[in-house]
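Participant: Next comes the sequence, and after it the predicted model I'd like to discuss.
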Amino acid sequence: MAEIQVVDQQNNKVGSRELNDAVFALAPNPGLVHRVYTALAQAQRGGNHNTKTRAEVSGGGKKPWKQKGTGRARQGSTRAAQWRHGGVAHGPRTHGYETRINRKERQLALRLVLSDLLREGKLVVVDKLELPEVKTKAFASIVSSLDADAGLFVLAEENRNVTLSGRNIPRCDIVLDGQVNLHSLMKHAKVVMTGDAVTKLEERLA
């Protein structure tokens, strides 16, 4: 099994632990990771482009002229597409960009990225993350000690002091193990997990 050293908040080694190979020792598969990543990114698109059809443009309730006898082309509404101030024919409509990705594929992509993080030395496991009070300076000291200036901190359970202390640190995010996703893992230069968070991830993903 893969093994990683465990450190404390001051980056002093306090031990080591084995990692589940099913989660942290997979061979690279950039094609799958890219497909899942782009699918998640597309799902976040708003798709707010929209044009009004003749049914949605205000006005045009009265027939412009009688059907026959005028010598002009028959018209039923001044809001048809050929009229000024009329609706748009075949214009863009609001829609989503979701691409179907199976749950097993999403989980496999997470395991692949976690394996890459371990292989590249970007994964740090700490025995615990605790602060006696809410203090940004104290959390900044932990960030500096762990060399995680652009880091994702993963906790196993909610910790108010840590969460509030770290929310003003630029480029650092604090999430629970159940909130870990592909985007957050890939956009941070380093991922710091507590030992309990690693255990929960292994239980969920293995």
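Facilitator: Sure thing, it's come through. Numbering: from 1, shown residues only.
Participant: which residue packs closest to Ala43, ignoring adjacent ones?
Facilitator: Glu98 (4.8 Å; C-beta to C-beta, 6 or more residues apart in numbering). For every residue, glycine as well, the C-beta is placed using N, CA and C.
Participant: Return the residues in contact with that neighbour.
Facilitator: Ala39, Gln42, Ala43 (C-beta atoms under 8 Å, 6 or more residues apart in numbering).
Participant: which ones among the residues you listed are found in helices?
Facilitator: Ala39, Gln42, Ala43 (DSSP state H).
Participant: Start from the middle of the chain and tell me which residue ends up furthest away.
Facilitator: Largest separation from the mean C-alpha position in the chain: Gly69, at 63.1 Å (C-alpha atoms, centre = their mean).
Participant: Dihedrals phi and psi, that one?
Facilitator: phi 100, psi 0 (degrees, to the nearest 10).
Participant: Could you check the pLDDT of it?
Facilitator: Each residue has a pLDDT score; the one for Gly69 is 95.
Participant: wait, what's in contact with it?
Facilitator: Applying C-beta under 8 Å, 6+ apart, no residues contact Gly69.
Participant: how much space between it and Gly60?
Facilitator: Gly69 sits at a distance of 22 Å from Gly60 (criterion: C-beta to C-beta, to the nearest Å).
Participant: Can you check the pLDDT for the residue nearest the centre of the chain?
Facilitator: Central residue of the chain (C-alpha atoms, centre = their mean): His183, 4.4 Å from the mean position. You'll see His183 listed with a pLDDT of 91.
Participant: so how far is Glu202 from Leu185?
Facilitator: Leu185 is 15 Å from Glu202, by C-beta to C-beta.
Participant: Correction: the previous question concerned Val126.
Facilitator: From Val126 to Glu202 the distance is 16 Å (C-beta to C-beta).
Participant: So the two - more neighbours on which side?
Facilitator: Neighbour totals were compared for Val126 and Glu202, and Val126 leads with 24 against 17 (other C-beta atoms under 10 Å).
Participant: Kindly export the longest helix along the chain (C-alpha atoms) in PDB.
Facilitator: Longest helix in the chain, counting residues (DSSP H): helix 103-119. Extracted C-alpha coordinates of helix 103-119, given in PDB (Å, rounded to 0.1, in the frame of the first residue of the first chain):
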ATOM      1  CA  ARG A 103     -21.500   8.700 -10.700                       C
ATOM      2  CA  LYS A 104     -18.800   6.000 -11.000                       C
ATOM      3  CA  GLU A 105     -17.000   8.100 -13.500                       C
ATOM      4  CA  ARG A 106     -17.000  11.100 -11.200                       C
ATOM      5  CA  GLN A 107     -15.700   9.100  -8.300                       C
ATOM      6  CA  LEU A 108     -13.000   7.500 -10.500                       C
ATOM      7  CA  ALA A 109     -11.900  11.000 -11.600                       C
ATOM      8  CA  LEU A 110     -11.600  12.000  -7.900                       C
ATOM      9  CA  ARG A 111      -9.500   9.000  -7.200                       C
ATOM     10  CA  LEU A 112      -7.300   9.600 -10.200                       C
ATOM     11  CA  VAL A 113      -6.700  13.200  -9.100                       C
ATOM     12  CA  LEU A 114      -6.000  12.200  -5.500                       C
ATOM     13  CA  SER A 115      -3.500   9.600  -6.800                       C
ATOM     14  CA  ASP A 116      -1.800  12.300  -8.900                       C
ATOM     15  CA  LEU A 117      -1.600  14.600  -5.900                       C
ATOM     16  CA  LEU A 118       0.200  11.900  -3.900                       C
ATOM     17  CA  ARG A 119       2.500  11.100  -6.700                       C
END
